[in-house]
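J.: Sequence first, predicted model second:
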Amino acid sequence: VRYEVHAACNGNMDSLKIKVTVTWLFHLIRGDIYYKKRKELNKLMKKTEKFNTTKQTTATPSKQNNRQKKWVRNSLFCFLVSIALLGATWALWQFNETHFSKGTTINGVDCSWSTVESAYEKLNQQLKERTITFNFTNHNCKYPNSTFDLKIDSTKELEQFLYNQKHGNKEKNFITTEFTLDENKLKSVMKSMSEFDISKMKHPQNAYMALNAENLLTIVPEVMGNYIEFDKAYKLALENLKAGLTIIDFSLIMDSEPEITSHALISSVDDINCILKTSITFNINDDCSLTLDKSVMKDWLVKDSNGNYTIDIDSNIPSFVQLLSEKSANSTVYFDFESTNAGTVRVPAKNLSINEEAEIELIKSELGSCSSHTHTPIYNISIGDNYVEIDKTRQHVWLYKNGQCVVDTDCVTGNASTHDTPRGYFFLSYKALNVTLRGRGYASPVTYWMPFNGNIGMHDSSWRKSYGKNIYKKNGSHGCINLPPDVA
């Protein structure tokens, strides 16, 4: 029987119970059949003896009775042994059905050969020895389990584990998920903790920028928070403990991290400070200059709702250039001019306008360099290919048209001692024919009149017979440029 059971069942408990029962029933029935057949054979032999003419030797009645008793004893013995084995099999089956298998663990506790009730007691005893831990950001608080009376809710879940093990997938490792505790005691303990004292809590504060006394930006560091909403904390603790978790991490719901850190502002502060540290000086003349530096650009900073700054360059540079243009309006500017046959000369100019577009591009290109720069303003000086060159020293006039000299003549400028012709860079105001020029003590009719500096201009002078040389020193004009009529 052992051999048949081992070969057929391979250790399977359910198959073992069935096999043992069937095997012994088979032997019991087989014994009864053998006994019945033996009785039938004896009856047949008796009938045969009556018709047998040859003397036969038959058994005595006492021997037949002994034989029958022997078979009865044997059958009874087999029956009793079968009953005993059936009882043992039933007891084994019943033990297996009501006890967890060897190697079974529940919540990490060995529950081999335990009933549901003994496993329940063992698990709760293990829970009593555990510690409940509340974790915060930088520390934790520990309480014995007896503080909250945490235990497995009932044996219902354990009964399901046993059923699944015996009739399901033979699982041996289980985790309970239904626990109970003293909720009022949990709330009371949590309310008494200093970590939940509202007066000691603070929300995190973002890092932000600030303008210091040197007109540069600095970073005010962030402040870490420790604010925990009590209702959320209690809910988290209750849910975790009811799930059998003995470590509750309150840092998960703590409002501690600021949204903006110092590290996040470093790049922006460095970029803005590089702009503020840039200094650009515009020398308008010997007595006047205008400087763009942090004392000006601090007013270009724009502060947002979070206390952080940006610098508005695009809107403020044009305003600065306009101020530069106003300061330069009445200033005399000297520029280099390639004269005819006399090399480079320095020519003064007044009332020049600033090339604002060029100045804006220049300033943008230099801001952010963290260094100092010096320039003269970029004026709108454009001689081009069409202009008149008047040389007082050589008393000569040249007219260039499309870059070619088309007029080359002597002239007489203002009297050097009393009415000297001013040097400079001018534009013709207009042109007129047949005009009488009037001044203190004179009235001179001219055919061609071309003013360029108030009442000073170029015109024909029919009263003169000669031009050039040193005439201007003693017999010069009232400031105008006198030209031969045909040239004018």
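T.: Good, I have the coordinates.
J.: Name the residues linked to residue 106 by a beta bridge.
T.: residue 109, residue 174 (DSSP bridges).
J.: Hmm, it is touching residue 123, no?
T.: Yes - with contact defined as Cβ atoms under 8 Å, residue 106 and residue 123 form a contacting pair (6.0 Å). Just so you know, the C-beta spots here come from the backbone N, C-alpha and C atoms, and that holds for glycine as well.
J.: Could you tell me which residues touch both of the two?
T.: Contact criterion Cβ atoms under 8 Å, 6 or more residues apart in numbering; residues shared by residue 106 and residue 123: 158, 176.
J.: In three-state terms, label the closest residue to residue 402 other than its chain neighbours for me.
T.: Distances taken as Cβ to Cβ, 6 or more residues apart in numbering place residue 385 nearest to residue 402, at 5.2 Å, with adjacent residues excluded. Assigned with DSSP: H, G, I helix; E, B strand; the rest coil, residue 385 falls in the coil class.
J.: And for residue 385, the neighbour number?
T.: Under the neighbour criterion other Cβ atoms under 10 Å, residue 385 is assigned a count of 9.
J.: Might you list the low-confidence residue ranges for the stretch 51-200 of the chain?
T.: By pLDDT under 70, the low-scoring segments of the stretch 51-200 of the chain are 51-61.
J.: Please enumerate the helices of it.
T.: Along the stretch 51-200 of the chain, counting by DSSP state H, counting those that start in this stretch, helices occupy 61-98, 116-128, 156-167, 183-192.
J.: Now do residue 210 against residue 224, distance only.
T.: Using Cβ to Cβ, to the nearest Å, we find residue 210 at a distance of 19 Å from residue 224.
J.: Tabulate the helices of the stretch 51-200 of the chain in JSON lines, adding columns for mean neighbour count and distance to residue 43.
T.: Below are the helices of the stretch 51-200 of the chain laid out as JSON lines (neighbours: other Cβ atoms under 10 Å; distance: least, Cβ to Cβ, whole Å):
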{"stretch": "helix 61-98", "mean neighbour count": "13", "distance to residue 43": "11"}
{"stretch": "helix 116-128", "mean neighbour count": "17", "distance to residue 43": "59"}
{"stretch": "helix 156-167", "mean neighbour count": "16", "distance to residue 43": "52"}
{"stretch": "helix 183-192", "mean neighbour count": "14", "distance to residue 43": "84"}
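J.: which one of these lies closest to residue 393?
T.: Nearest to residue 393, of all those, is helix 183-192, at 100.7 Å by Cβ to Cβ.
J.: now residue 158, nearest residue through space, not along the chain?
T.: residue 116 (4.7 Å).
J.: Does that neighbour touch residue 159 like I think?
T.: Yes - Residue 116 is in contact with residue 159 according to Cβ under 8 Å; the separation is 5.4 Å.
J.: Using a markdown table, lay out the helices of the stretch 51-200 of the chain together with distance to residue 143.
T.: A markdown table is the format used below for these (distance: least, Cβ to Cβ, whole Å):
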| stretch | distance to residue 143 |
| --- | --- |
| helix 61-98 | 37 |
| helix 116-128 | 13 |
| helix 156-167 | 25 |
| helix 183-192 | 7 |
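J.: For residue 330, find the nearest of the ones you listed.
T.: helix 183-192 (78.9 Å).
J.: if we can go back for a sec, which phi and psi does the residue nearest to residue 402 have?
T.: phi -100, psi 0 (degrees, to the nearest 10).
J.: correct me, but it touches residue 403?
T.: Yes - here residue 385 reaches residue 403: they are 4.0 Å apart, a contact under Cβ under 8 Å.
J.: What separation do you get for the closest residue to residue 383 other than its chain neighbours and residue 282?
T.: Distances taken as Cβ to Cβ, 6+ apart place residue 337 nearest to residue 383, at 7.2 Å, with adjacent residues excluded. Distance, residue 337 to residue 282, by Cβ to Cβ: 22 Å.
J.: Which one of these two is surrounded by more residues?
T.: Neighbours per residue, other Cβ under 10 Å: of residue 337 and residue 282, the larger number sits with residue 282, 24 against 17.
J.: hang on, that one packs against residue 324?
T.: Yes - using Cβ under 8 Å, residue 282 is in contact with residue 324, at 5.8 Å.
J.: overlap in contacts of these two?
T.: Counting by Cβ under 8 Å, 6+ apart, the contacts common to residue 282 and residue 324 are 290, 377.
J.: quick revisit: looks to me like the residue nearest to residue 383 is in a strand.
T.: Yes - with three-state DSSP as the criterion, residue 337 is part of a strand.
J.: Could you give the bridge partners of it?
T.: Residues in beta-bridge contact with residue 337 (DSSP bridges): residue 345.
J.: Run a quick neighbour tally on residue 266.
T.: That count, for residue 266 with other Cβ under 10 Å as the rule, works out to 12.
J.: what residues are up against the residue nearest to residue 402?
T.: If you count contacts by Cβ under 8 Å, 6+ apart, residue 385 has them with 400, 401, 402, 403.
J.: So which bits of stretch 454-464 are buried?
T.: Within stretch 454-464, the residues that count as buried by 16 or more other Cβ atoms under 10 Å are 456, 457, 458, 459, 460, 461, 464.
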